[in-house]
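Chemist: Below are the sequence and a predicted model; questions follow.
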Amino acid sequence: MDNKRLIRDLLEIGAVKVQTEDFFTWTSGIKSPIYCDNRLTMSYPEIRSTIAGAFVEKIESLNKEVDVIAGCATAGIPHAAWIAERMNLPMVYVRSSAKKHGKGNQIEGQLQKGQRAVVIEDLISTGKSSVETADALHNAGVEVLDVFSIFTYGLREADQTFSKKGYTYQSLASYEDLLAQMVEDEHLTFEQKELLEKWRMDPHIFTKA
């Protein structure tokens, strides 16, 4: 897949927004000049189809037998469904925690011990939710081959989180791709690019201020 096309698509539909003055506040409290909401891609058939195709290519490039596609609740679920449909594979989704009622499931769908899964996520920031999903599958006796996302901020914390648990991840587009494309399309000044690069090196830099 052409990363340039994906970045432009995400910017055009407002899935990725950059504000270098009035910062966004993440759920974690982090003050950030960038916010990514890939849930918006669900509303654009052509874009979501292109994304599904790109995921399938990456999964096939693993050259490993995949038994099941696992979506991270909630934003990874629709993309996992589209991928599973294209690959004619079973699908499950994983909640952030077990339900407090009914059967108390954390994983919805049918799994068997020994199966091999890939995890689908819309976004990787710190990597915490993705790793929790992978852990839930691992605890169910499933081998996690890889974690895939549409976009990653490329934070060192995510690399450390994945490395600590022994998982790997890949993304269709990265923070570096975004900055490069915005500079090429003249949507960023040198000063804005510098600020965005500074934030990625220390995501808490503006939170401390």
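Modeler: Looks like it came in fine.

Chemist: and the residue nearest to the spatial centre of the chain, helix, strand or coil?
Modeler: Nearest to the mean C-alpha position of the chain, by C-alpha atoms, centre = their mean, lies residue 123 at 2.5 Å. The three-state label given to residue 123 by DSSP: H, G, I helix; E, B strand; the rest coil is strand.

Chemist: which ones are touching it?
Modeler: 36, 38, 75, 149-153 (C-beta atoms under 8 Å, 6 or more residues apart in numbering). Bear in mind the C-beta positions are built from the backbone N, C-alpha and C, glycine included.

Chemist: ok, 7 Å please
Modeler: Contacts for residue 123 (C-beta atoms under 7 Å, 6 or more residues apart in numbering) come out as 36, 38, 149-151.

Chemist: how about the helices of the protein, start to end?
Modeler: With helices called from DSSP state H, the chain shows them at 3-12, 45-60, 77-87, 128-139, 156-165, 175-184, 190-201, 205-208.

Chemist: Export those helices as JSON lines, with columns for distance to residue 106 and mean pLDDT.
Modeler: Below are the helices of the chain laid out as JSON lines (distance: least, C-beta to C-beta, whole Å; pLDDT from 0 to 100):
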{"stretch": "helix 3-12", "distance to residue 106": "30", "mean pLDDT": "94"}
{"stretch": "helix 45-60", "distance to residue 106": "23", "mean pLDDT": "97"}
{"stretch": "helix 77-87", "distance to residue 106": "14", "mean pLDDT": "98"}
{"stretch": "helix 128-139", "distance to residue 106": "5", "mean pLDDT": "96"}
{"stretch": "helix 156-165", "distance to residue 106": "17", "mean pLDDT": "95"}
{"stretch": "helix 175-184", "distance to residue 106": "30", "mean pLDDT": "94"}
{"stretch": "helix 190-201", "distance to residue 106": "32", "mean pLDDT": "94"}
{"stretch": "helix 205-208", "distance to residue 106": "31", "mean pLDDT": "85"}
